[in-house]
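[1] pasting a predicted model and its sequence here:
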Amino acid sequence: MLNYKHLHYFHTVATLGTVVRAAEKLHVSAQAISMQLQLLEEQMGAELFEKRGRLLYLTDAGKTVLDYSARIFDLGGELEQVVRRGVLAGQETLRVGICDIIPKTMAFRLMQPAREAGMAMHLSCREGRFEDLVVDLAAHKLDLVISDRALPPGGALRGHSRLLGVSELAVLGHPDLCRQWPGAFPDRLRLAPFLLPMPEAAVRSQLDSWFDANDLRPIVVGEFDDGALLKSFARAAAGFIVAPAVLASAIRTEYGLEQVGTVPSMIEQFYVVSVQRVYSHPAVRRILDGAAAVFGPDR
């Protein structure tokens, strides 16, 4: 009989690409995962991975097993939802993963339409790295992920990415910093201190290109994968930041910052990532339908 624990380990390795990363995610030893994979391969009578350098790639047999395992987990997720809705007497449950770089204000605005059901809506939110949230999504521990990037093409997850909206980027800073770096934008920012998202953030490459194109040569005083922590340092005048222009007004008010300019050539994208079936979830439909209002003019 098929061992679903073996299948879960296989699915996690296939999604993350290495046994080491899967072990970190599952909080078990790499040796334990390797042994479980070996048992699964013996049961299937075929090798499921081939190693190229440090990464593992699916064989043809592995691709078949991944396809079937995704269907199995899809059905398991549906079963869990059906039972949960019955137990909660009709209460909707939505489990959302939020990439830690997504501004909290943006996440709130995007998810607010899901609350239109009032007390009949039970919302469960979890923050984390995109790669980790995708693994939880594949295992049906989450219904959707709100992210600054889409799923990479050709990945292991049989999922879908839908663009919710885009925003130009605004540059903001503490009033003291703005007085120390006066002048016309963006030249005033040459050699200015900046607080930036981590290099793996989707918008970071655009920022680095913009800095180079305008010969700004910023002093990078901090890099963060938590947007709230980054803004807290900005409130302490540690450096300038960039943020979605549609949130600029709210950020100015909450963190006491001033906007020094907007960069139309740079945009930040926001996606909802999920498995195909979940788009019929009533709360997800409300999020998708309400996204247009979120990316209207900043208020």
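    Right, received. Where do you want to start?
[2] what about the helices in the chain?
    4-16, 19-26, 30-44, 60-87, 104-111, 130-138, 175-180, 204-213, 227-235, 248-255, 282-294 (DSSP state H).
[3] and the first one, how far from the chain's centre?
    In this case it means helix 4-16. How far helix 4-16 lies from its chain's middle: 21 Å, per C-alpha atoms, centre = their mean, to the nearest Å.
[4] mind listing what's buried in that helix?
    Applying a neighbour-count criterion of 16 or more other C-beta atoms under 10 Å, one finds 6-16 buried in helix 4-16. Bear in mind the C-beta positions are built from the backbone N, C-alpha and C, glycine included.
[5] what residues go with each domain of the protein?
    4-65, 89-165+270-294, 166-268 (automatic domain parsing).
[6] residues touching residue 231, list them.
    Taking C-beta atoms under 8 Å, 6 or more residues apart in numbering as the criterion, residue 231 is in contact with 103, 241, 243, 251, 254-255.
[7] write the PyMOL selection for whichever of those residues are buried.
    One line in PyMOL is enough to select the buried ones among the contacts of residue 231; burial here means 16+ other C-beta under 10 Å:
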select buried, resi 103+241+243+251+255
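[8] tell me the two of the contacts of residue 231 that are most distant?
    Using C-beta to C-beta, the two most remote members of the contacts of residue 231 are 241 and 254, lying 12.7 Å apart.
[9] next, count neighbours for the spatially closest residue to residue 8 that is not a sequence neighbour.
    Leaving out its chain neighbours, the residue that sits closest to residue 8 by C-beta to C-beta, 6 or more residues apart in numbering is residue 139, at 6.7 Å. The number of residues packed near residue 139 is 17, by other C-beta atoms under 10 Å.
[10] for residue 139, give me its contacts.
    Counting by C-beta under 8 Å, 6+ apart, residue 139 has contacts 8, 11-12, 73.
[11] next: residue 194.
    218-221, 239-241.
[12] what's the single longest strand in this protein?
    strand 258-274 (DSSP state E).
[13] sheet partners, orientation included, of that strand?
    For strand 258-274, the pairing partners within the sheet under DSSP bridges are strand 144-147 (antiparallel), strand 160-173 (antiparallel).
[14] now mean pLDDT, mean neighbour count and distance to residue 247 too, for those, in TSV please.
    Below are those laid out as TSV (pLDDT from 0 to 100; neighbours: other C-beta atoms under 10 Å; distance: least, C-beta to C-beta, whole Å):
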stretch	mean pLDDT	mean neighbour count	distance to residue 247
strand 144-147	92	24	14
strand 160-173	92	19	8
